[in-house]
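K.L.:
All I have is the shape, not the residue letters:
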């Protein structure tokens, strides 16, 4: 034992950076975790003068709290049931995937995006592939684009269904959670049929898709679009006239249009405050220019408005999926250029060139021109998901920066929580709809 | 109507066992009904149709480690679950099960019942305080505030019943409903009592003291093993007894429908025992319906927020209950 300690000490003398680095990290963490308690120390005379009866209490909510949707930690200062101050603490799910991307080829990094917003993995795959296709100037065949559009909308429905079910479960209505999960199960089956995986689909490829959709999967998607709107109507009948649910949301967490823009919020949270910004319409990518859909907007800016926006978005997504099914053209699903996309398996198995192409593509992959940088944003279910890439001419990105909607949206949580009650807390976390895999990256 | 002591003891023993078993039946019923509402099969592995699931749960709870937080106040922490169960079980003594079958036919049965429901808040408050956990404390606080707010309306609803019957004896209140149930004579009182019964038993949508999404587990966050099991047991016994009380006060208690038409004939024919059994069954069926209502509501409605709870209690239920009592008093005085 002692020999190990001495060896560590010796090493630390040699590499003095690490101990100092660790020390600094621990110091920062300690100060971050303790400052609320410090401020509210009963021995502090000034504090005692402000709160002589000690009504205030510091409560640590999360990271293992059932309502914090993963590992979000909120340190709140309470006066009775009222939240006086709230401090968020992120980073419990930090995996450094931006750094990981630098040692992966563009294609190799794609499965990592599944683990970001794990409620809508397909949107993340597509967002990454679109960014890489933009930096490397790769054309994607029509059929692949239509399928991507369709699957992205299904992923949006899947993410919003989870928000609805979990949001209501947080409010105490446990049954709706299982009703929405029935339809999420249908979606998982569709993803399983299309991509071969239920959860982490990894179906999109740079320059196209991994595999074509089968007739079975198209029939499944058609069935889903037929059944789903009826289910949404049923839930709306239950919820829109439910006094408890409406009262718990109405006027809670109000954000004005200026505030949401200042905080850089995106997605349904932005549209709930009356800002008509949707990248699908503002800067259309994939096939969003060729489909007809509305962008639901509410101007109230409270939790109820955001609820209506998300429910309406699900209905619009069904409309888009239907149009995609109608307009789905025949054709290839990947670009027929071995420098840009994987060669088809027929080529790989039956020709020498194909095998070499496959080998080279896996080993080196797409090589965008040196020094090019690009930013491509998509409208993910939670908001604007953007990838900023800088290329150094090799098959691996020189720098990747992810603009994740959950992270920016969480900024609104602190001001919304302050002044609310503990009962509002669960509603507010639900309405921001954060996914910690994406916020912490 | 004076039964020998050993009969009362035997009935008491049977009754307590009946309520203990009914708690596990209710747990099973709750899981099956919730499963039905949520389109899933529910427990179906242990025993026929999963009927032995609650017993398996109890065995699990008994064998679990009993964890006590090091900073908890030991004696009170152990006392609180006992208090809950004992008080819940004591209330069974007051409910008339059939004509002539009641363990404690008190002249002030209604007051005793109200007193027992008031004491049961101590169990939750002490549990919340003694655990020395912030979540438990908040649960305990919420519980006390909720009980105080809703007890007033509940008491006023009961007063309206007492005014009509002119007695505080539960048996006489039941016999007073021989021709018309109180729910038809006093519908507003019945609704108020039903709502406050939900709040008093901490069932959804009034389950704020244990709101698992807000307060993790509320007052029982720091309990495990059989101590948690006792809270669980007390909750189910409580709401089953609340169903019995609702039936006793407003839905004719043990009286069978239109009993005045055939009761005398049956008694004369020497079939008193049949009447007793029928009355007992009738009461359990009626209470079972309200127990189902408790379950149904829990799995359909979201939970109230704290300020909504207070608004309903003080701004709506209390004035309505007061007016109801006044109107009934005036009508009773005139006719």
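P.N.:
Arrived safely. From a predicted model like this one, the values you see are computed outputs, not experimental measurements. Residues are numbered from 1 along each chain as shown, chains lettered A, B, ... in the order given.

K.L.:
CA atoms for contacts and neighbours, from now on please.
P.N.:
Fine.

K.L.:
in the chain, which segments are predicted with low confidence?
P.N.:
The chain I'm using is chain A. A:1-22, A:25-55 (pLDDT under 70).

K.L.:
Not quite, go with chain B.
P.N.:
For chain B, residues meeting the criterion pLDDT under 70 lie at B:1-3.

K.L.:
The residue in the stretch 251-400 of chain A positioned nearest to chain B: which element?
P.N.:
Checking the stretch 251-400 of chain A residue by residue against chain B with C-alpha to the nearest C-alpha singles out residue A:252 as nearest, at 11.5 Å. Following DSSP states H and E, one finds residue A:252 outside all helices and strands.

K.L.:
isn't it right next to residue A:302, touching?
P.N.:
Yes - Residue A:252 lies in contact with residue A:302 (C-alpha atoms under 8 Å); the separation is 5.5 Å.

K.L.:
that older thread, show me what contacts the residue of the stretch 251-400 of chain A closest to chain B?
P.N.:
For residue A:252, the contacting residues are A:302, A:303, A:304, A:420, A:424, A:428, by C-alpha atoms under 8 Å, 6 or more residues apart in numbering or on different chains.

K.L.:
Kindly report the same for residue A:387.
P.N.:
Going by C-alpha under 8 Å, 6+ apart, residue A:387 touches A:127, A:128, A:131, A:375, A:376, A:377, A:400, A:401, A:402, A:403.

K.L.:
In the stretch 1-150 of chain A, what residue lies closest to chain B?
P.N.:
Of all residues in the stretch 1-150 of chain A, residue A:67 sits closest to chain B, with a separation of 5.1 Å (C-alpha to the nearest C-alpha).

K.L.:
got the phi/psi numbers for that residue?
P.N.:
Main-chain dihedrals, residue A:67, degrees, to the nearest 10: phi -100, psi 0.

K.L.:
With residue A:84 instead?
P.N.:
phi -90, psi -40.

K.L.:
So it sits against residue A:416, correct?
P.N.:
No - using C-alpha under 8 Å, residue A:84 and residue A:416 do not qualify as a contacting pair, with a distance of 10.9 Å.

K.L.:
what's the burial count for the residue in the stretch 151-300 of chain B that chain A sits nearest to?
P.N.:
Closest residue of the stretch 151-300 of chain B to chain A, C-alpha to the nearest C-alpha: residue B:213 (5.1 Å). With neighbours defined by other C-alpha atoms under 10 Å in any protein chain shown, the count for residue B:213 comes to 21.

K.L.:
Who are the packing partners of the helix or strand where residue B:78 lies?
P.N.:
Following DSSP H and E, the helix or strand that holds residue B:78 is helix B:74-90. Packing contacts for helix B:74-90, counted by 3 or more C-alpha pairs under 8 Å, 6 or more residues apart in numbering or on different chains; DSSP states H and E, involve helix B:109-130, helix B:225-250.

K.L.:
Off-centre distance for stretch A:325-340?
P.N.:
Taking C-alpha atoms, centre = their mean, to the nearest Å, one finds stretch A:325-340 lying 27 Å from the centre of the chain it belongs to.

K.L.:
Not counting its own residues, what contacts it?
P.N.:
Contacts with stretch A:325-340, where a contact means C-alpha under 8 Å, 6+ apart, come from A:138-144, A:146-147, A:150, A:206-212, A:218, A:222, A:341-343, A:357-358, A:361, A:365-366.

K.L.:
In contact with the residue of the stretch 1-150 of chain A closest to chain B, which residues are there?
P.N.:
Taking C-alpha under 8 Å, 6+ apart, one finds A:170, A:426, A:429, B:213, B:214 in contact with residue A:67.

K.L.:
same thing but at 10 Å, please
P.N.:
Listed by C-alpha atoms under 10 Å, 6 or more residues apart in numbering or on different chains, the contact set of residue A:67 reads A:61, A:166-167, A:169-171, A:425-427, A:429-430, B:212-216.

K.L.:
Quick check: the gap between it and residue A:433.
P.N.:
The spacing between residue A:67 and residue A:433, counted by C-alpha to C-alpha, to the nearest Å, is 11 Å.

K.L.:
Give me the common contacts of those two.
P.N.:
Common neighbours of residue A:67 and residue A:433, counting by C-alpha under 10 Å, 6+ apart, are A:166, A:167, A:427.

K.L.:
what does the stretch 151-300 of chain A put close to chain B?
P.N.:
Proximity of the stretch 151-300 of chain A to chain B (C-alpha under 10 Å from any C-alpha of the partner chain) is limited to residues A:168-180, A:182, A:238-239, A:242-245, A:247-248.

K.L.:
Of those, just the buried ones, ChimeraX syntax please.
P.N.:
This is the ChimeraX syntax for the buried subset of those, where burial follows 16 or more other C-alpha atoms under 10 Å in any protein chain shown:
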select /A:168,169,170,171,172,173,174,175,176,177,178,179,180,182,239,244,245,248
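
K.L.:
Could you list which of the residues of the stretch 151-300 of chain A next to chain B belong to helices?
P.N.:
Mapping these onto helices (DSSP state H) picks out A:168-171, A:174-180, A:182, A:238-239, A:243-245, A:247-248.

K.L.:
pretty sure residue B:129 contacts residue B:139?
P.N.:
Yes - the pair formed by residue B:129 and residue B:139 meets the contact definition of C-alpha atoms under 10 Å, at 9.1 Å.

K.L.:
Can you pick out the residue with more neighbours from the two?
P.N.:
residue B:139 (29 against 23).

K.L.:
Tell me which of the helices and strands packed on helix B:74-90 sits nearest to residue A:108.
P.N.:
helix B:225-250 (48.1 Å; C-alpha to C-alpha).

K.L.:
Can you spell out which helices and strands pack onto the helix or strand just after that closest one?
P.N.:
Downstream of helix B:225-250, the first helix or strand assigned by DSSP H and E is helix B:259-268. Judged by 3 or more C-alpha pairs under 10 Å, 6 or more residues apart in numbering or on different chains; DSSP states H and E, the packing partners of helix B:259-268 are helix B:272-298.

K.L.:
In stretch A:335-355, which residues are buried?
P.N.:
Applying a neighbour-count criterion of 16+ other C-alpha under 10 Å, the buried positions in stretch A:335-355 are A:335, A:336, A:338, A:339, A:340, A:341, A:342, A:343, A:344, A:348, A:354, A:355.
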